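A.B. asks: For reference, the sequence and a predicted model appear below.
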Amino acid sequence: MSNKYIKGLHCIIDDSVKIGSGSEVGNFSILSGDVRVGKNTVIKNYVEIRANGGLITIGDNCVIESKSLIDGPCIFEDGVVIGPDCEIRPGVTVRRSSYLQGRNRIANNCVIESGVTIKYGSILTSNVYVGEDCFIGPNVIMTGDDTSRVQEEAGNRKSTRIGAGTFIGANSIFMPAVHIGSGCIIGACSFIREDTSDKEVWFGNPAKFKKTRNKKDVDS
Ligand SMILES: CC(C)(COP(=O)(O)OP(=O)(O)OC[C@H]1O[C@@H](n2cnc3c(N)ncnc32)[C@H](O)[C@@H]1OP(=O)(O)O)[C@@H](O)C(=O)NCCC(=O)NCCS
């Protein structure tokens, strides 16, 4: 891999780090351990990318905004954008063209499929799976708590799952290990403690089933 990248002032980049051509690393950023950055990727100022626990791969045409912290191992595919002040813990995979707007905390072993948007301030606890093209509004919290009754009822499932194409309104809170179907709408400020089927609309505290989306809704 060519080393023709732009290096900002006062950044610390270990010899083990490989950076593709056309990429940039901003001022005061730290890249340590086994980090591989693709081509034309921009890593802004005060970013910390630490592969102490394993390989971090960042694809081509990605943007990692200022003050974000990434702990390896992690995979970011091509075109991923990580907004400012994000914290990404080990074992996370973010697939192609997904966008985290900023101040997001993505805990260990989460998988975010391609085309997902996660708005400002949302927090995903460990082992959350987010299907393709989901939209997660601002300040959504997906909780994790191994002792919760909900999780026992769910057969001690360990992961929360959001089906592809689901929309989650602002400020919603999910109890641990809930499974949401594909193409659902969860209204703003919902408290979700039950699984849903595909193409359903739920909202409220606690969230209740409201209706099944019709074909017109789902296509639009
Ligand atoms: C759920 C939602 C998609 C609307 O669904 P809808 O089927 O069109 O519902 P309506 O707007 O017709 O409202 C129907 C009733 O439910 C209530 N309602 C709608 N959304 C609600 C919500 N999230 N929580 C509680 N009540 C809600 C309405 O007040 C209305 O009550 P009423 O019958 O007493 O007047 C929408 O209200 C919502 O929550 N959108 C998310 C917005 C958001 O967070 N966007 C993030 C963008 S950054």
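C.D. replies: Cool, the structure landed.
A.B. asks: Phi, psi for the closest residue to Asn127 other than its chain neighbours please.
C.D. replies: Computed as Cβ to Cβ, 6 or more residues apart in numbering, the closest residue to Asn127 that is not its neighbour in sequence is Ser159, at 3.9 Å. For every residue, glycine as well, the C-beta is placed using N, CA and C. Backbone torsions of Ser159, given as degrees, to the nearest 10, read phi -130, psi 150.
A.B. asks: Also Ile162?
C.D. replies: Note on Ile162: backbone dihedrals following degrees, to the nearest 10 are phi -120, psi 120.
A.B. asks: re earlier: burial check on the residue nearest to Asn127, number of neighbours?
C.D. replies: 18 (other Cβ atoms under 10 Å).
A.B. asks: Show me what from the protein comes close to the ligand.
C.D. replies: When proximity is defined as Cβ under 6 Å from any ligand atom, the chain approaches the ligand at 119, 137-138, 169-170, 185, 187-189, 201, 203-204.
A.B. asks: want to throw the residues you listed into TSV with pLDDT and secondary structure?
C.D. replies: TSV is the format used below for the residues of the chain next to the ligand (pLDDT from 0 to 100; DSSP: H, G, I helix; E, B strand; the rest coil):
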residue	pLDDT	secondary structure
Lys119	98	coil
Gly137	98	coil
Pro138	98	coil
Gly169	98	coil
Ala170	98	coil
Ile185	98	strand
Gly187	98	coil
Ala188	98	coil
Cys189	98	coil
Val201	98	strand
Phe203	98	strand
Gly204	98	coil
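A.B. asks: And those residues, which of them are buried?
C.D. replies: The neighbour count (16 or more other Cβ atoms under 10 Å) marks 119, 137-138, 169-170, 185, 187, 189, 201, 203 as buried among the residues of the chain next to the ligand.
A.B. asks: This completes my enquiry, with thanks.
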